[in-house]
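Colleague: Fold the following and give me the result.
(2 chains)
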Amino acid sequence: MHTIIQKAKKEKRSLLETEAKELLREYGIPVPDFKLIKSEEEISGLAKEMNFPITMKIVSPYIIHKTDAGGVKLNIINEKEAISAYQEIISKAKKYNKKAKISGVIVYPMVPQGTEIIIGMMQDPHFGPVIMFGLGGIFVEVLKDISFRILPIEARDAEEMIAEIKGYKILKGIRGEAPKDIQAIKDLLLKISQLSQENPEISEIDLNPVFVFEKGLQVVDARMIL
Amino acid sequence: MKSMENFFNPHSVAIFASMKEGKTGYEIVKNMVEGGFKGKIYPISQVGGQIFGVNVHKDYKNFEIDLAIIAIPAQFIPSLLEDLGNKGVKSAVIISAGFSEVGNFKEEKEIKRIAKKYGMRIIGPNCAGIMNSGCNLFASIEVRALSGETAFITQSGALGGAVLMMAEELGFGFSKFVSYGNRCDVDEVELIRYLEDDHQTKVIALYIEGLEAGRKFLTQAKKTALKKPMVVIKAGKSKAGMRATSSHTGSLAGEDKIYDAAFKQAGILRVEGVEEMFDLCRGLIYYPKIKGNRIGVVTNSGGPAVLTTDKLEVSGLIVSEPSESLRNKLKEVLPPHVSLGNPFDLLAYGGAENFARVSQAIAAEYDAIIAIFVPTATMDSTGVATALGKIKEVIKVPIFANFMAGRLVEEAIRELKKYGIPNYETGERCAKVIQKIYKNSRYN
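Modeller: Numbers count the residues shown, from 1 in each chain, chains lettered A, B, ... in the order given. Sure, this is the predicted structure:
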């Protein structure tokens, strides 16, 4: 069992965002550089390690809906702003859930807006682990334009599940736009398949959103449930 | 697989049921006798006597029984199974209802336990029986299947019966028919594994309401679909809200979407209903694969050809234009005025000879041909059918026919069938079948 999972299991919780991203990184999946900040002091000097503007988010196994808890701050442009954002996030989180154990605040550079996609993994009662793919935003929420496959998947399955959603045209580039990196999405699906097979303790995964560019992609937010 | 052999090729069949006229046992014996079963038939019932020229026995101790068909009230089944088990009977079809489908889970578990103790296999309970047209085994209450090359396995007995009735009207036959009901023992997975090697079966069709062992099914179906095409009707009851989940992904996953995914991964063709199932099976029997998407349409009538072309194109198939050299070739063999583009409209020259000539000439550039024929006062439709049949044997490109319509072309359709050319009432239906086979052929 992976040490990250072992630790989370021992503490009877799911993976923290930082842990999920670490696991993704081990599988060669692109995530923005990130750091877990545990005190105000750690913020000074951050600008040397990381390109601003940055995103800051609460990390706590007790807080799943981070925005509701006031735990998300975007577009922080310098260390001074980061310090006050840190204070605000921590105090709001404490108010939101008095008993919540807070691991810290994750910071990572703002990712330029790409085409939003969602990739997920879940357990089906009859078929076991399945993988989902869709375009983000209204495509998933309203139109339910998503595709599934039973895990593990082969390259052909990954290709098919990308091509079979109605929004595929958007990925291929509409109105003169350059096509998005479909090969990178295919690789990501296959890597999530492998990750799920090799870590059966993970019961559900949400990569939401993932930004896809003309070249490459970035997993901006990740959740893994044990 | 001995037990499976016993189900489908038994030398002796005992029927445990009421033999009174109109009752289940009576109907089964009738089907067995009238169907021409060659092995021994033992109706077992306390009333004795004779039905359909066969003695009804009160006692079965001295008979060797390969297959037991059971349709007695549910409460008497456990003790009967014990008896049969002791006798060494290895296969039983339990038609009787009154088990898990009405909440009697304990009772169903019990018959499963007894069967396991004796190494006996069970199909059912709560099913409509089984058939093997290859050996005239019609151990069922439903209408006897005509002989054919499609195996049909169904979770619903009633739907199975309806399909058999409809098939009879269409002249569509089956190699095997299995209604497996509550599937307390033998399930879809085992049945398709058996049918995979059954030389009478060219296509496997399934009606499924739900799978218990989805993953096992997927693994087996992937293997089977490499050998023969599989077609499935899945009743799409959505149980999306019922699963316990906390992720975003989980909230989006409807049961039907997961089944859809599984069928795609296995290379199983999913159809919406019975009519489409027949259409597809009739095509798949002759053409399990279509290698490309260029479709040639040969016709003697403009209207139907346009409708067909439209449907082909929205289905992602290409009604491609012929090459210059093919055009020249056609020019040589055809009368003037005839369209040298696709669809190839023969107009008033659409007789047997020209249909054959064009089909043969275009075969090199197309992956499938649709031949549309509307009879006129001077054209003999059966002659066109024969000509197409003969050319099909030469060209090795799938030919689909749309001879229209009704009794005008009845004889011609029979003629087409003789040569293994499926006919559809409309060209649009041809197009739909071609599209499904082609899409599936890319992988298997």
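Colleague: Secondary structure element holding B:Gly292?
Modeller: Using DSSP states H and E, no element contains B:Gly292; it sits outside every helix and strand.
Colleague: Quick check on it: phi, psi?
Modeller: As for B:Gly292, its main-chain torsions (degrees, to the nearest 10) stand at phi -140, psi -180.
Colleague: pLDDT value on whichever residue of the stretch 251-400 of chain B sits closest to chain A, please?
Modeller: Of the stretch 251-400 of chain B, the residue with the smallest distance to chain A, taken as Cβ to the nearest Cβ, is B:Ala261 at 4.1 Å. Every C-beta, even on glycine, is put in place using the N, C-alpha and C of the backbone. Model confidence at B:Ala261, expressed as pLDDT, equals 93.
Colleague: That one is in what secondary structure piece?
Modeller: Going by DSSP H and E, B:Ala261 is in helix B:255-266.
Colleague: so how far is that helix off the chain centroid?
Modeller: Computed by Cα atoms, centre = their mean, to the nearest Å, the separation of helix B:255-266 from the middle of its chain amounts to 20 Å.
Colleague: And it, what does it pack against?
Modeller: When contacts are defined as 3 or more Cβ pairs under 8 Å, 6 or more residues apart in numbering or on different chains; DSSP states H and E, helix B:255-266 packs onto strand A:146-150, helix A:155-163, helix B:214-227, strand B:230-234, strand B:269-271.
Colleague: what about the residue of the stretch 251-400 of chain B closest to chain A, how many neighbours?
Modeller: A count of nearby residues for B:Ala261, using other Cβ atoms under 10 Å in any protein chain shown, gives 26.
Colleague: ditto for the one 4 residues further on
Modeller: Neighbour count for B:Gln265, taken as other Cβ under 10 Å: 24.
Colleague: Helix, strand, or coil at the closest residue to chain B within chain A?
Modeller: Scanning chain A for the residue nearest chain B gives A:Gly120, at 2.6 Å (criterion: Cβ to the nearest Cβ). Reducing the assignment at A:Gly120 to three states with DSSP: H, G, I helix; E, B strand; the rest coil gives strand.
Colleague: now it: how far from A:Ala20?
Modeller: For A:Gly120, the distance to A:Ala20 under the criterion Cβ to Cβ, to the nearest Å works out to 13 Å.
Colleague: and for those two, which residues touch both?
Modeller: Shared contacts of A:Gly120 and A:Ala20, defined by Cβ atoms under 8 Å, 6 or more residues apart in numbering or on different chains, comprise A:Ile205.
Colleague: and chain A, what are its domains?
Modeller: Structural domains annotated on chain A: A:33-109, A:115-225, as defined by automatic domain parsing.
Colleague: helices or strands up against the helix or strand harbouring B:Thr386?
Modeller: Secondary structure assigned from DSSP H and E places B:Thr386 in helix B:381-395. Contacts defined by 3+ Cβ pairs under 8 Å, 6+ apart place helix B:381-395 against helix B:352-362, strand B:368-373, strand B:399-403, helix B:410-418.
Colleague: Contacts for the second one, please.
Modeller: Put plainly, it is strand B:368-373. Under the criterion Cβ under 8 Å, 6+ apart, residues B:287, B:290, B:295-301, B:304-305, B:308, B:312, B:343, B:350, B:355, B:359, B:362-363, B:379, B:381, B:384, B:388, B:397-404, B:409, B:412, B:421, B:427, B:430-431, B:434, B:438 lie in contact with strand B:368-373.
Colleague: if we can go back for a sec, helix B:410-418 and the helix holding B:Thr386, what's the angle between them?
Modeller: With axes from the mean of the first three to the mean of the last three Cα atoms, to 10 degrees as the criterion, the two stretches helix B:381-395 and helix B:410-418 enclose an angle of 10 degrees.
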